[in-house]
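# Here's my sequence, what's the structure:
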Amino acid sequence: MKRYNNIKRALWLWSALLMLSIQVNAQQECGTKFNSQQETNNWLLRHQQYEIAQANKLLSPTTIYKWIPVAFHIVRMSNGTGGLSLSDARLALERCNTAYANTNIRFYECNSEFINVDSLYDFNDATEEAALVSSRLLVDAANVFIVNSIPAACGYANFPGATHPGYANNFIVMDFHCMNNASQTSLQHEFGHFFDVVHTHETAFGAELVTRSTGANCSTAGDRFCDTPADPGLGNLVNASCQYTGTATDANGVAYTPDTSNIMSYSHKPCRVNWSQEQINKMNFTVSDLGSADRKNLSCTNCLQAAVTSLPENLGGIYILGEFYTYGPYSTGKKVLSQITSNVNLNTAVIAGSDLKLIATTSITFLPGFNFDAATAQLGELTAIADACGGAGNKTAAPEGTQQVALPGQHAAPEYTLYPNPFNNTFNLDIHLTEDAAVSVTVYDIVGKVVDKVLQPQLKQKGLLQLQYNGERLAPDIYFCTIEINGQRYTKKIIKM
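The predicted structure follows:
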């Protein structure tokens, strides 16, 4: 009897654990759906426009990137504890860029904030969405609101054209547990919806048949893409080896053979790494000139300003750069201090080696005693760069609240404006010179190699200096435009689309 009771307790415990596992896994699915028949009909109209563009070859293959500005809104407890760290949010965005590498879409951070409100920490999308979103939404960015939990979902997005009372649709809401490590792919998945791609197991247009020959309905049912295999819904049916373990059959009795690597499926999350070509084409269309106005026109006019300094030899003093996003190591062959994740006081007596590039995520403080002697043979140039997100044509300046203290022998940074940024083929550069000065302008690639000289060193008179650069030959990428005035350097990140 005792043995029977032990077996009974073991079976009960096993059943309880199984149910808990099912509940946990169920909570890891996506909450994005069509909220009305009108939303479904609107999606069909947009998809038909995409199909017409594809049939008429209006979207030729291109390497021109559409840069999508992303604003993070991270909810924490009222005392400032809990929630996702900003560094983890940025890592999630880097993983999005990796996942979207085969598309024309690239992401960059536009702005970020912490929301310290207890009542929004564990979020109820049915009753609290307006309170969270309406007053904080940046109209010209993809807004990602990150909360502690969402009922029965990892996150949800809006399709283009979705309507809300009093606020726009350019936002995603995420459970931070679903984007805080490299095995999580939910943010990549939700951005797929944001760019108008539905689940591979979608049934709003009818159940998709497995066959791709006679009787196939893949262009009118399921996700309406024929290069994604029919999908019965993969929740809890894909093992750690990315193998489908289900036995379901379609209406004709044919067994499903779904793609467990597709990002828009409910597969085991680490397995979700691929897009089909039709999914890629649809997303590229959505952000193109022919696509949805609420996706193609995101430009981030609320972007934080950049702060840049070039420090002279034998410095001793304080220079503070405010909170910004890092874009990684500046160059190979240089001594690089990158990925600084908190305020760092650099008071080393002497730093030896070649050129030193400091690229901050938050702040860099040079304290008295820090010494970098560029005049000595073993040392070169010291430059500190902090850039929020690539800018939107704003002139270089420290943001509000950033303290700058001029160092001995250092001139105040000149006012200059570089626009448009991002640019297609040309950008303009207006420099306000406060005195006659030797000026040069150089464009570097992301690894620090000179790619072009906008202006060879020349003596220019006091006043407004206007330059225009034709970068048509440059490949779409991130570059740096460095202005040198009387030996002082000022650098701006620029994006060629």
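# Show me which positions of stretch 418-425 end up buried.
Buried residues in stretch 418-425, counting neighbours by 16 or more other C-beta atoms under 10 Å, are found at Leu418, Pro420, Asn421, Pro422, Phe423. In short, each C-beta sits where N, CA and C put it, glycine included.
# what's the weakest-modelled helix or strand in this structure?
strand 335-340 (a mean of 33; mean pLDDT, DSSP states H and E).
# now the strands for the stretch 101-250 of the chain?
With strands called from DSSP state E, counting those that start in this stretch, the stretch 101-250 of the chain shows them at 105-116, 142-147, 155-157, 171-175.
# and the angle for the first one with strand 142-147?
In other words, strand 105-116. 40 degrees (axes from the mean of the first three to the mean of the last three C-alpha atoms, to 10 degrees).
# Show me what strand 105-116 is packed against.
strand 66-76, helix 86-99 (3 or more C-beta pairs under 8 Å, 6 or more residues apart in numbering; DSSP states H and E).
# Mind checking those for the one nearest to Phe285?
The minimum distance between Phe285 and the helices and strands packed on strand 105-116 falls on strand 66-76, with 10.8 Å, by C-beta to C-beta.
# Quick check: neighbours of the closest one in the sheet, parallel or antiparallel?
Its sheet considered, strand 66-76 pairs with strand 105-116 (parallel), strand 142-147 (parallel) by DSSP bridges.
# hang on, the earlier thing: okay if I get the helices and strands packed on strand 105-116 as a markdown table plus mean neighbour count, mean pLDDT and distance to Met264?
A markdown table is the format used below for these (neighbours: other C-beta atoms under 10 Å; pLDDT from 0 to 100; distance: least, C-beta to C-beta, whole Å):
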| stretch | mean neighbour count | mean pLDDT | distance to Met264 |
| --- | --- | --- | --- |
| strand 66-76 | 24 | 90 | 18 |
| helix 86-99 | 18 | 89 | 11 |
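# now those in JSON lines, with distance to Gly253?
Below are these laid out as JSON lines (distance: least, C-beta to C-beta, whole Å):
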{"stretch": "strand 66-76", "distance to Gly253": "43"}
{"stretch": "helix 86-99", "distance to Gly253": "35"}
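# And those: which comes nearest Ala182?
For Ala182, the closest of the helices and strands packed on strand 105-116 is helix 86-99, at 6.7 Å, according to C-beta to C-beta.
# Contacts for that closest one, please.
70, 72, 74, 106-109, 112, 144, 146, 176, 179-180, 182, 184-185, 187-188, 191, 263, 273, 325-326, 341, 361 (C-beta atoms under 8 Å, 6 or more residues apart in numbering).
# how about the closest residue to Ala131 other than its chain neighbours, what does it touch?
Counting by C-beta to C-beta, 6 or more residues apart in numbering, Ala131 lies nearest to Leu120, which is 6.7 Å off, once chain neighbours are set aside. Contacts for Leu120 were tallied using C-beta under 8 Å, 6+ apart; they are Val75, Glu128, Ala131, Leu132, Val147.
# The last one: neighbour count?
In this case it means Val147. Burial measure for Val147: 25 neighbouring residues, criterion other C-beta atoms under 10 Å.
# which residue packs closest to it, ignoring adjacent ones?
Once flanking residues are discounted, Val147 sits nearest to Phe123: 3.9 Å by C-beta to C-beta, 6+ apart.
# mind checking how far the closest residue to Cys110 other than its chain neighbours is from Pro165?
Nearest in space to Cys110, with sequence neighbours left out and distances taken as C-beta to C-beta, 6+ apart, is Pro69 at 3.4 Å. Distance, Pro69 to Pro165, by C-beta to C-beta, to the nearest Å: 25 Å.
# what does Asn236 give?
Asn236 is 36 Å from Pro165, by C-beta to C-beta.
# Compare these two (neighbour count), which wins?
Ranked by neighbour count (other C-beta under 10 Å), Asn236 and Pro165 place Asn236 first, with 16 against 6.
# What residues does the residue nearest to Val147 make contact with?
Val75, Leu132, Val147, Asn148, Ser149, Ile150, Val173.
# now Gln468
Taking C-beta under 8 Å, 6+ apart as the contact definition, Gln468 lies against Thr426, Phe427, Asn428, Leu429.
# For Lys453, which non-adjacent residue is spatially closest?
Ranked by C-beta to C-beta, 6+ apart and with sequence neighbours excluded, the top spatial neighbour of Lys453 is Thr442, at 5.7 Å.
# Now do the same for that neighbour: helix, strand or coil?
strand (DSSP: H, G, I helix; E, B strand; the rest coil).
# Does it touch Glu484 like I think?
Yes. Taking contacts as C-beta atoms under 8 Å, Thr442 lies within contact range of Glu484: 7.4 Å.
# So Asp430 belongs to a strand, correct?
Yes. Counting by three-state DSSP, Asp430 is part of a strand.
# re earlier: may I see the strands of the stretch 101-250 of the chain organised as a markdown table, with distance to Gln243 and mean pLDDT added?
Shown next, in a markdown table, are the strands of the stretch 101-250 of the chain (distance: least, C-beta to C-beta, whole Å; pLDDT from 0 to 100):
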| stretch | distance to Gln243 | mean pLDDT |
| --- | --- | --- |
| strand 105-116 | 30 | 86 |
| strand 142-147 | 32 | 96 |
| strand 155-157 | 26 | 96 |
| strand 171-175 | 27 | 97 |
